[in-house]
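1. Sequence and predicted model, in that order:
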Number of protein chains: 2
Amino acid sequence: MKQATLKDIAEQLNLSVTTVSKALKGYPDVSKKTRAMVKELAKTLNYKPNTFAVNLRTKESKTIGLIIPVIVHHFFSNVIRGIVAQAEKKGYLVIILQSNESYELEKKQLDLLISQRVDGIIISLANGTADFSHINAIIAQDKPLVMFDKIAKVVQCSKVIIDDRKAAYMATQHLIDTGCKRIAHFRGALLPQNSIDRFLGYKKALIDNGFTYDPSLVYICECGDMSFEEGQKNAKQLLEDHNDVDGIFINTDLVAIGAMTEFSKRGVKIPEDISIVGFSNWFMSSVISPSLTTIDQPGYDMGKSAFKQLFKEIKAKKKNTAFTPKTVTLETALVKRDSTK
Amino acid sequence: MKQATLKDIAEQLNLSVTTVSKALKGYPDVSKKTRAMVKELAKTLNYKPNTFAVNLRTKESKTIGLIIPVIVHHFFSNVIRGIVAQAEKKGYLVIILQSNESYELEKKQLDLLISQRVDGIIISLANGTADFSHINAIIAQDKPLVMFDKIAKVVQCSKVIIDDRKAAYMATQHLIDTGCKRIAHFRGALLPQNSIDRFLGYKKALIDNGFTYDPSLVYICECGDMSFEEGQKNAKQLLEDHNDVDGIFINTDLVAIGAMTEFSKRGVKIPEDISIVGFSNWFMSSVISPSLTTIDQPGYDMGKSAFKQLFKEIKAKKKNTAFTPKTVTLETALVKRDSTK
DNA sequence: TTAACAATCGAAAACGTTTTCGAAAATACC
DNA sequence: GGTATTTTCGAAAACGTTTTCGATTGTTAA
């Protein structure tokens, strides 16, 4: 009752393995009659090509790897969904690994995927990643790779991102437009490009509007497992440090929600006393009260787009045609809710 | 600059492929000297065994498949994390597919995984799955499979679950203990075992406490993509149908949150007018206000446990030893918060 | 000195597929 | 009828590894 092979079919029909293979793959040099015969027997035997053998022969696995910092995360799980859906459409399967924001793990997992000989890799960098030689090594091997969200600008590969700087600018501008006079920022970790860009957008909006940029108003959080708690801690610290802040732009919704929880515990009213804008538009943000004004980050589309890009590169490599890396920038939108006036 | 093979190493050292292979795998019949030589050259050439060839030869892929109804879901993404982490520890990779609560897709994806020749499969059934022949076919093929959370009782395989009936009983009992006199239930879809069990637990708690079970107090929701909206809709309907309900046990947190949103919009106070208990303990439930009393469902541990079980079966199959299916039941806990008195 | 034995290696088959190339058979054309 | 052409098939090599089984050498014991 084991899986049937080409040989089994060939023997039953008194044909050669070659002919059976060709019949199933629709080669022109096999008669309609035998083709039909073969296909029918294949179906009744429930024949499924042995992927191991196919992979060995064709040198492709129809499998891609995905490395993300965290799985349990509204944005990232949407990305996963987008990638998996799109990949399945094109006949690819997705192997998912979680780097846990650790550079070491990320390196190890990249190696794992290479060992597994996936046809391509999609990756969002860990917070801890400052050196990119492991990524460059992949690219040097001519293995298709696309980065998304948490990218490294200096690495020469395709990327799918949003315009973090512009989005952050929008968010900050919104705070200003609604009357905030002194605006703080809870930024993300120091290394990731997107938290840098969001910070820069915040700063630029301030300056463009004639505000003075005050570094003491910028708080850092790692945005890892402890995002919520970091938000609480930063909010508490902010209240101790300053009594005139009336608006905060926060790197991530989850941190923002932590901050809001802390504020309401201490009797600080949102948005009356302090307005808050988050980032990412987690579903959660729409159901808390007050609901959180935020930047919508299209996770599903980013995943879809990342796979599409990767697919193009895989195809290009197969045909041995040149391919120049491309950066796709998706649109974001400000979602106005009750945490701002 | 392509990947080195055993042959490459063999040629450079004037050895046979056989000896090189044996040296790398630590066979005893190769001298320490050549073993060292081979290992060193392998390292400098960055040799990585071709998994396709290894798989073909050994007939195992060191890969497992995972099919879940939805990825973007607090509980399920925790399960993914648990499975992936545990699998990586044992040298297995995980291919993830989303059935989208569709029976047809589930069937197709199961087929895909079989074609891919994964070493085992972990699955949580789609809401739409009423027929289990596709699952039984896998088991008949002697391919290790374990089900979790949304299981089918009649299928003979290992399972990782919680005691849904008991948990629901606990939840309902809590409503009764805190003074609720007329308790409704928003149940899940009709087919899944866990929504049946939760319903039965609810019913039993009522009866054990001398309440009369009233079917008109039970509302259904599919608990798919539209969970939140379903919660709103049901809440609205409930208010139209009844004016004496003072407690609801709801199949899922997200539905509960939808209901709470609707209630507060309509001026119904929680928990003063109506107490609510959800199910699953989404993170979100702790940060909304009022925070939601719920049942904690250990997603990460379930994932971990599911892989461990699968791993045992894979090993058993390899050694050709018998294996009797086992059902692991994990503990749940009532998390008391502000949506109940 | 031989026989027995251990240590070290390699030839070869196998896993199941794909694809190239040539052979045979059938058909067409003159 | 003979030649040219098309149609249909299969032999064989290749992908890279693992493993069985002998072969060869060197070592030990009698």
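-> Cool, the structure landed.
2. What ranges does the stretch 101-250 of chain A have for its helices?
-> In the stretch 101-250 of chain A, the helices defined using DSSP state H, counting those that start in this stretch lie at A:103-115, A:133-140, A:164-177, A:193-208, A:227-241.
3. Of the ones you listed, flag the one that's most buried.
-> Of all the helices of the stretch 101-250 of chain A, helix A:164-177 has the most neighbours on average by mean count of other C-beta atoms under 10 Å in any protein chain shown, namely a mean of 22. C-beta here means a position set from N, CA and C on the backbone, and glycine is covered the same way.
4. Packing partners of it?
-> Applying 3 or more C-beta pairs under 8 Å, 6 or more residues apart in numbering or on different chains; DSSP states H and E, we find helix A:164-177 packed against strand A:183-187, helix A:193-208, strand A:247-250, strand A:275-277, strand A:294-296, strand A:333-335.
5. Residues in contact with the longest helix along chain A: which ones?
-> Determined from DSSP state H, the single longest helix within chain A is helix A:299-318. With contacts defined as C-beta atoms under 8 Å, 6 or more residues apart in numbering or on different chains, helix A:299-318 is touched by A:60, A:64, A:74-87, A:90, A:92, A:119-122, A:142, A:144-146, A:148-149, A:158, A:160-162, A:322-323, A:326, A:328, A:330.
6. Any chance of a ChimeraX selection covering the buried ones in these?
-> Typed into ChimeraX, the line below selects the buried ones among the contacts of helix A:299-318, using 16 or more other C-beta atoms under 10 Å in any protein chain shown:
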select /A:60,64,74,75,76,77,78,79,80,81,82,83,84,85,86,87,92,119,120,121,122,144,145,146,148,149,158,160,161,162,328,330
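7. Just put the helices of the stretch 101-250 of chain A in CSV and tack on mean pLDDT and distance to A:A259.
-> Output for those, formatted as CSV (pLDDT from 0 to 100; distance: least, C-beta to C-beta, whole Å):
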stretch, mean pLDDT, distance to A:A259
helix A:103-115, 96, 28
helix A:133-140, 96, 33
helix A:164-177, 98, 14
helix A:193-208, 97, 15
helix A:227-241, 96, 4
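8. Make TSV from those and add distance to B:S16 to it.
-> Below are the helices of the stretch 101-250 of chain A laid out as TSV (distance: least, C-beta to C-beta, whole Å):
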stretch	distance to B:S16
helix A:103-115	24
helix A:133-140	31
helix A:164-177	56
helix A:193-208	50
helix A:227-241	56
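9. So which of the ones you listed is nearest DNA strand C?
-> Nearest to DNA strand C among those is helix A:103-115 (18.2 Å), distances taken as C-beta to the nearest atom of the strand.
10. Just put the helices of the stretch 101-250 of chain A in CSV and tack on distance to DNA strand C.
-> As requested, those are arranged in CSV below (distance: least, C-beta to the nearest atom of the strand, whole Å):
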stretch, distance to DNA strand C
helix A:103-115, 18
helix A:133-140, 26
helix A:164-177, 43
helix A:193-208, 41
helix A:227-241, 47
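11. Those helices: which one's closest to DNA strand D?
-> Of all the helices of the stretch 101-250 of chain A, it is helix A:103-115 that lies closest to DNA strand D, at 10.6 Å by C-beta to the nearest atom of the strand.
12. hmm, who's touching the closest one?
-> With contact meaning C-beta under 8 Å, 6+ apart, helix A:103-115 is reached by A:65, A:67, A:95, A:97, A:99, A:121, A:123, A:125-126, A:128-131, A:134-135, A:138, A:141, A:143, B:48-49, B:51, B:88, B:93.
13. out of those, who's near DNA strand D?
-> Contacts with DNA strand D within those, counted by C-beta under 7 Å from any atom of the strand: B:P49.
14. about what we covered before: does DNA strand C have contacts with the longest helix of chain A?
-> No: judged by C-beta under 7 Å from any atom of the strand, helix A:299-318 stays clear of DNA strand C, getting no closer than 10.9 Å.
15. so where's chain A shaky on pLDDT?
-> Residue ranges of chain A with pLDDT under 70: A:1.
16. residue contacts, the nearest residue to A:L217 once chain neighbours are set aside?
-> The shortest distance from A:L217 to any residue other than its chain neighbours is 4.2 Å, reached at A:A184 (C-beta to C-beta, 6 or more residues apart in numbering or on different chains). Contact analysis of A:A184 by C-beta under 8 Å, 6+ apart lists A:217-219, A:238, A:242, A:245, A:247-249.
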